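> Fold the following, please.
(chains A and B)
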Amino acid sequence: MSKSSSTLEFKRPSRVSYLMNTQVLVLIVIVVLWIYLAIASPYFFTLHNIRGLFSQDAIVGVLGVGELFTIITGGIDLSVGTVAELVNIIFTITVLGNMPIPLAIIISLAVAVGIGLVNGILIYELNMPPFIATLGTMSVADGAALLLSGGTNISGLPISISNFGTGIFLGLPNLFWILIVSIVVGEIILRYTTLGRYVYAMGSNVEAAKLSGVNTRKTIYFVYAFSGLFAGIGGIMITARLWMGIPTSGLNLNLDAIAAAAIGGASLFGAQGSSIGVFLGSIVMATILNGTVLININTFWQEIITGLLIMATVALDQIRSRSKYTFVRKF
Amino acid sequence: MTNLRLREGKSLSQFIKERAIILEEVLKVEGLSKEFPGVLALENVSFNLYKGEVHALVGENGAGKSTLIKILTGALSPTKGKVIVFGKSYEKLDPILSQNLGIAAVYQEMVLANYLNVVDNVFLGIEPSNWGFDRKGEKIKKLRDLMKSLNYEMDSKAEVKNLSAAQQGMVAIMRSLVRNAKILIFDEPTASLSDREVKILFSVIRSLQKQSISIIYISHRLEEVFEISNRISVLKDGKLVGEKITSETNSNDLIKMMVGREIENQIYDLDRKIGEEIFRCENLVNDKIKSISFNLKSGEIVGVYGLIGSGRTEMARAIFGADKLWNGKLFINGKEIKLKSPIISKKHGLSYLPEDRRRQGLALQLGLKLNVNLASYEDRSNFGFVDLKKEKFVTLDLVKALEIKTPSISQKVSNLSGGTQQKVVVAKWLAAKSKIFIMDEPTVGIDVGAKNEIYKLINRLAKEGSAILFISSYMPELIAICDKILVMKDGKIAGEVNRQNFSEEEILKMAI
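You can find the predicted model right below:
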C-alpha cells in the first residue's frame, strides 16, 4: 500500500484504547450489574426473571433502533414514544372493530410511517430543526391517542394478542426475538448499505455530503420514516404486552429510546453509533428497572440511576473523543 | 486595459496644512513577524499611522493584510516585533486591550445583533443605565449627536436585519466610535456597496478624519484607495514592499510592486494533448455572477484568477448546481444539460473540490474509505447493498495511484495532513469517474511539498483527458501550470489570457 512509516504524523491507537470503545464499556457495566444483582437477589438469575427483563428491554430497544438512525444523521426524533402510544390505541381500536389483525397491523404501521414522513418534510423541506419538528409531532401523536381513546384504557382484545405478548420461542420471549431482528436489520443497513453510509456521512458533514452528490432529501426521509416504522412496531409490541390500549403508555418511552441509544454509544452530534450499542443500552436500562424492583429500592431511584448513567457514559465519550482515539465505524 | 481614474491626490504636507494637525504618530509597528507552521505570514513589517490619516493597505489575497489586522486587534500574537500605540510599546495585544487602546476593526461581515435596533446595537454592552434600567432617551440623544457629527442620517429604531449592508457598516462604525475608538480599520468596506453608498461612506470617513480619527483602509479597489487615502503601503507575500504618499504614485507603480515573483516553469507539462471541447457554459447569471461564458477542452488546464469578492467560488458552485442559476446554458460534450443539483452534475462527470475542504469536502470523523467512495456508492452497490470488495479495491487503487499517505484505508480523515486530505477529495471524484474537475483553491493551506504533488496530480488528470478549471488567488501557481487564465472581477470574466501572454502585471491589472 503506502509508505506510512515515512510519515511521523500517525500514531497507532494502542490495543487498550481500541478495546475501550463504548460498546465494550457498556458490556462491562452490564456484567458488573448482573453479577451484583445475582449476589444481592436470589430471584435475579431465574429463568422467569431474565425472560421478564428481556421483554421489558425489547420495546425500548426497538424504539431505540429507529431513534439511532436519526441521531446518527445529527438529528433526533422525540416522537417515537408517543407514536408507539398512538399505534397502541389505533391497533386496539381497529382490532376491536373486527378488523383482521394483519390488516390492523398494516394500517397501524402505515400511520407510524406517515408521521415519520411528516417529520421528514418538516425537517427537509421546511428546514425545521429536528428537535422542534419532532416535538410538534410528539405532541400531536399524544393528543391524537388521547382523543381516539377518549382518555381511558381500552380493553377487550382477543386473548391471542396477549398470548403472543407473553409467548416464548426457542426459550426466549417473542418480543425479545422482535428486538433481535430489529437490531440485526438496523446493523445490516448501517453496515452494508449505501443508505447506511449516507446516514453516517450526513451526520459527519451535511455540506460535504450534498456537494458529493448524495441525495440528502432521500436520506432524511428514509431516516425519519424508518424511525416511525420502528416506533409503530414498538406500539404493536406494547399492545401485545399490555393486552389493551393505554393512552399514556408512551410518555416515558421517548426519552428511554434516546437514552438507550446514547448509553450504547450514539453521539448526539452525529456520525457515531451502532445498532448493537442500542441493544446493550436497552439491556442496561431494563436491568436497572428490574434490579431496583428486585432488591427493593424505591423505584424512583431507577430514573435517577438511569440519568446518572447517561451522564457518565456521554462524559466518558467526550473525554475519550479528545484523546483522538475514539472508536469510529471502520468505513 | 484598466479604467482607473487617477484622482488628484494631495501631498502629505498639503494634507497636514489643510487639516491643521500635527504629525502625531498614533500607531507604529516595528519589525513585526508572524510565523504559522510552514508559512511566514508576515516578515519584518514596519508600518505607522498618523493622527487623522487614512493609510491604505494593498496587496493580493494572502499578502498578509489580514494577519496584520488580526495582530492589531489582538486576535493573533506576533512571533517577533512590537506594536506601539500612542507612544506605549506592547509585545502583543489581546482583544480587550486593543479595544481599550481605541483600536477597532469594521469587518467585511459585521457581527451585529440582527434582531436588535440600531440604538441598542450601537450601545450594546455599554448602555447608560440607572440601576440596570436602560436610559433610552440618553442613548437616542447620544446617537443623534454622533450621526450629526458624521453628517449621516438613519432611522435609529430600525432593526439591524432590515438594513442594507452599507447601513450595517455604519452601525458598526458608530458602535466603535461610542467606545472611543481612535484607530479604525476598514477591511474591504466597499465590497458589497453601490457607488452611491461608497460616496456616503467616503464622506463619513472624511468627517472622521476631521475628528482626528486615524484610519487603516484595506481594499482591492485601487481607484478608491487613490480617492480616499493619504498614504499607501503595499504588502507582498508577508513583506512590506513599498510605502508611498498617495499623490506621488499611481496604480501602475503599485501593481508593479504587488507582482514580480519567481515562477517555477518546470511544473508546466509540455506533452499534454489538448483535444475536443467537453464543457461549455454560456451566459450564466445569478445574484453573484454576471454573464459568464467559457469552455474547457479535454486535457486542458484553465486557471481562474480573481480577488476576494470577484465571484470565483460563486461561479464554481453555480456550475456544479450547488447554487441556483437564474439564466444561462451548460453543454457537456456538445449536448445541453440542465444541472440543477450536484446529484445531476455528478452523473455528467462534473466534480467540485470546494475551497474549504474540511468544512465542505470531507466527512472528517469518518474513515478514508467512506470519503473516497462517497460520491460513487451508486456504482458500487447491488440493490442498495454496498459491494464491500469493490469499495475496498477502488480505495486501495486510488490510495496507491495518488500516493495517499495513510496507515490504513479506514483511517479517520481528520487525522490526515492537509495535503493528504486534498488528495482524498480528488480520489473521491476520480472514483466517481469525473472528467471535468472544478478545483477551488486546491493548494490553500498545504505545505510546499504537498503543493507540488497536487500540481503533478492536476497535470496527470489533464494528461489522461480530463478538463480542469483551477481557481486560485495565488497567481504564480496559475502561471506555472495553466494553459490559459480567466480573470474575474465583480462577478464577470474581465479577461482571458493565453499562456504565451502570461504576465502577472497584466493579469492583476484586469482583476483590480
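
> how about the nearest residue to B:Phe86, chain neighbours excluded?
B:Val26 (6.0 Å; C-beta to C-beta, 6 or more residues apart in numbering or on different chains). In short, each C-beta sits where N, CA and C put it, glycine included.

> does the one you found sit in a helix, a strand or a coil?
strand (DSSP: H, G, I helix; E, B strand; the rest coil).

> Please apply the same query to B:Ser233.
strand.

> Now do the contacts for the residue lying closest to it once chain neighbours are set aside.
Distance criterion C-beta to C-beta, 6+ apart; nearest residue to B:Ser233, sequence neighbours excluded, is B:Glu243 at 4.7 Å. Contacts for B:Glu243 (C-beta atoms under 8 Å, 6 or more residues apart in numbering or on different chains) come out as B:Phe47, B:Arg231, B:Ile232, B:Ser233, B:Val234.

> Got phi/psi on B:Glu243?
Dihedral pair for B:Glu243: phi -140, psi 120, per degrees, to the nearest 10.

> Quick check: the residue nearest to B:Phe86 touching B:Leu72?
No. The criterion here is C-beta atoms under 8 Å, and B:Val26 misses it with B:Leu72 at 11.7 Å.

> So for chain A, the centremost residue is which one?
Nearest to the mean C-alpha position of chain A, by C-alpha atoms, centre = their mean, lies A:Gly64 at 0.2 Å.

> dump the residue contacts of that one.
So A:Gly64 contacts A:Asp256, A:Ala257, A:Ile258, A:Ala260, A:Ala261, A:Gly264, A:Val278, A:Gly281, A:Ser282 (C-beta under 8 Å, 6+ apart).

> repeat for A:Ile30
Listed by C-beta under 8 Å, 6+ apart, the contact set of A:Ile30 reads A:Leu280, A:Ile283, A:Val284, A:Thr287.

> Check whether the first one sits in a helix, strand or coil.
Per three-state DSSP, the secondary structure class of A:Leu280 is helix.

> Next one: it relative to A:Ala260, how far apart?
According to C-beta to C-beta, to the nearest Å, A:Leu280 stands 9 Å off from A:Ala260.

> what does the model give the residue nearest to B:Ser233 for pLDDT?
Looking at B:Glu243, its pLDDT stands at 90.

> where does the chain have its least confident helix or strand?
Let's take chain A. The helix or strand of chain A with the lowest confidence, counting by mean pLDDT, DSSP states H and E, is helix A:15-19 at a mean of 48.

> follow-up on the earlier one: neighbour-wise, which one of the contacts of A:Ile30 leads?
Taking other C-beta atoms under 10 Å in any protein chain shown as the neighbour criterion, A:Ile283 ranks highest of those with 27 neighbours.

> State the pLDDT value of the residue nearest to that residue when sequence neighbours are not counted.
Leaving aside its sequence neighbours, A:Ile283 sits nearest to A:Asp57 (C-beta to C-beta, 6+ apart; 5.4 Å). pLDDT for A:Asp57: 90.

> just the one 5 residues further on next, same as before
According to the predicted model, the pLDDT of A:Val62 comes to 97.

> Please apply the same query to B:Lys10.
53.

> residue ranges with poor pLDDT in the chain?
In the absence of a named chain, chain A is used. A:1-21, A:317, A:320-331 (pLDDT under 70).

> my question was about chain B
B:1-22, B:37-38, B:107-110, B:262-265.

> for it, which residue is closest to the average position?
Note: chain B centre (C-alpha atoms, centre = their mean) maps to B:Ile308, 3.8 Å.

> Ramachandran coordinates for that residue?
According to degrees, to the nearest 10, B:Ile308 has phi -60, psi 130.

> Hmm, it is touching B:Ser192, no?
No. Using C-beta under 8 Å, B:Ile308 makes no contact with B:Ser192, being 11.4 Å away.

> Report the secondary structure state of B:Ala105.
B:Ala105 - assigned by three-state DSSP - is strand.

> How about B:Tyr305?
Classification of B:Tyr305 using three-state DSSP returns strand.

> burial count for the nearest residue to B:Glu25 once chain neighbours are set aside?
Excluding the flanking residues, the one nearest B:Glu25 by C-beta to C-beta, 6+ apart is B:Asn48, at 5.5 Å. B:Asn48 has 16 neighbours, counted by other C-beta under 10 Å.

> One more: A:Phe91?
27.

> interface residues of the stretch 201-350 of chain B facing chain A?
With C-beta under 8 Å from any C-beta of the partner chain as the criterion, the stretch 201-350 of chain B comes near chain A at residues B:Phe320, B:Ala322, B:Ser341, B:Pro342, B:Ile343, B:Ser345, B:Lys346, B:Lys347.

> now the helices for chain A?
A:15-19, A:22-40, A:47-72, A:80-96, A:101-120, A:130-149, A:159-166, A:174-192, A:194-204, A:206-211, A:216-242, A:253-263, A:275-294, A:300-322 (DSSP state H).

> let me fix that: the stretch 301-450 of chain B
Using DSSP state H, counting those that start in this stretch, the helices of the stretch 301-450 of chain B run over B:312-320, B:342-347, B:368-373, B:388-401, B:418-431, B:448-463.

> Deepest-packed of the ones you listed, please.
helix B:368-373 (a mean of 28; mean count of other C-beta atoms under 10 Å in any protein chain shown).

> which residues touch that one?
A:197, A:200-201, A:330-331, B:362-363, B:380, B:391-392, B:394-395, B:398-399, B:404, B:406, B:408-413, B:416, B:424-425, B:427-428, B:431.

> same thing but 6 Å
A:197, A:331, B:362-363, B:391, B:395, B:398, B:406, B:409-411, B:413, B:424, B:427-428, B:431 (C-beta atoms under 6 Å, 6 or more residues apart in numbering or on different chains).

> now, the most widely separated pair of the residues you listed?
A:Arg197 and B:Thr406 (18.8 Å; C-beta to C-beta).

> show me the contacts for the nearest residue to B:Asp440 once chain neighbours are set aside.
Leaving aside its chain neighbours, B:Asp440 sits nearest to B:Glu355 (4.1 Å; criterion: C-beta to C-beta, 6+ apart). By C-beta under 6 Å, 6+ apart, the residues touching B:Glu355 are B:Thr313, B:Asp440, B:Glu441.

> make it 10 Å
B:312-313, B:316-317, B:361, B:439-442, B:444-445, B:471-473 (C-beta atoms under 10 Å, 6 or more residues apart in numbering or on different chains).

> Looking at these, which one is closest to B:Ile96?
Looking across the contacts of B:Glu355 and measuring by C-beta to C-beta, the closest to B:Ile96 is B:Gly445, at 29.0 Å.
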